[in-house]
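In: Structure, please.
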Amino acid sequence: MPGITIHRITPENARLLDTVAEDVFDHDIDPAFLEDYATAPGHALFVAISDGVVIGQARGVLHRQPDSAADLYVDNLGVAPSRQREGAATQLVEALIAWGRASAMCRSVWLATEHDNGQGKAFYAAAGFIAQSAVCYSKDL
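Out: Okay, here's the model as predicted:
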């Protein structure tokens, strides 16, 4: 297996996303959305690349607070099914956490996943995350 390298996506290296393995992202990359995300303060997109192909991605957002240190929200994590269990997800989450610490002195990281995501829940538990119960609301605009 070729090695895995981790890169933070910026407007200057966005071409790294020209070749992406299947099922890494939920949808096709839209250049306008990518430009907006890559230049938005407090947002980061890291990719795992192997043999010139993006095999994984993780996105994070800094949540700054007026009364405490910022926290890091892991917004999305995806690894091509054929490349899972090779360490890409771990490296991506570690890169996000390092970025959060360096960018805003984050002291905590959190994320959400679906109840039926057994593989994801096992990964997060193995990575030291503690499951908590929450109620989530959403509204289309």
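
In: Every contact and neighbour count from this point should use C-alpha atoms.
Out: Fine.

In: Kindly confirm my reading that Val54 is in a helix.
Out: No - under DSSP: H, G, I helix; E, B strand; the rest coil, Val54 sits outside any helix and is assigned strand.

In: quick one: it and Asp116, what's the gap?
Out: 26 Å (C-alpha to C-alpha, to the nearest Å).

In: which of the two has more neighbours?
Out: Shown here are Val54 and Asp116; by other C-alpha atoms under 10 Å, Val54 has more neighbours (24 against 8).

In: Skipping its backbone neighbours, what lies nearest the more buried one in space?
Out: What sits nearest to Val54 in space, not counting adjacent residues and going by C-alpha to C-alpha, 6 or more residues apart in numbering, is Val20, at 4.5 Å.

In: Asp51 is in contact with that neighbour, correct?
Out: No - Val20 lies out of contact with Asp51 (C-alpha atoms under 8 Å); the separation is 11.1 Å.

In: wait, what's in contact with the nearest residue to Asp23 once chain neighbours are set aside?
Out: In this structure, Asp23 finds its nearest non-sequential neighbour in Ala80, 5.4 Å apart by C-alpha to C-alpha, 6+ apart. When contacts are counted by C-alpha atoms under 8 Å, 6 or more residues apart in numbering, Ala80 touches 21-24, 55-56.

In: Can you classify the residue sitting nearest the centre point of the chain by secondary structure?
Out: In the chain, the centroid-proximal residue (C-alpha atoms, centre = their mean) is Ala58; its distance is 1.8 Å. Three-state call for Ala58 (three-state DSSP): strand.
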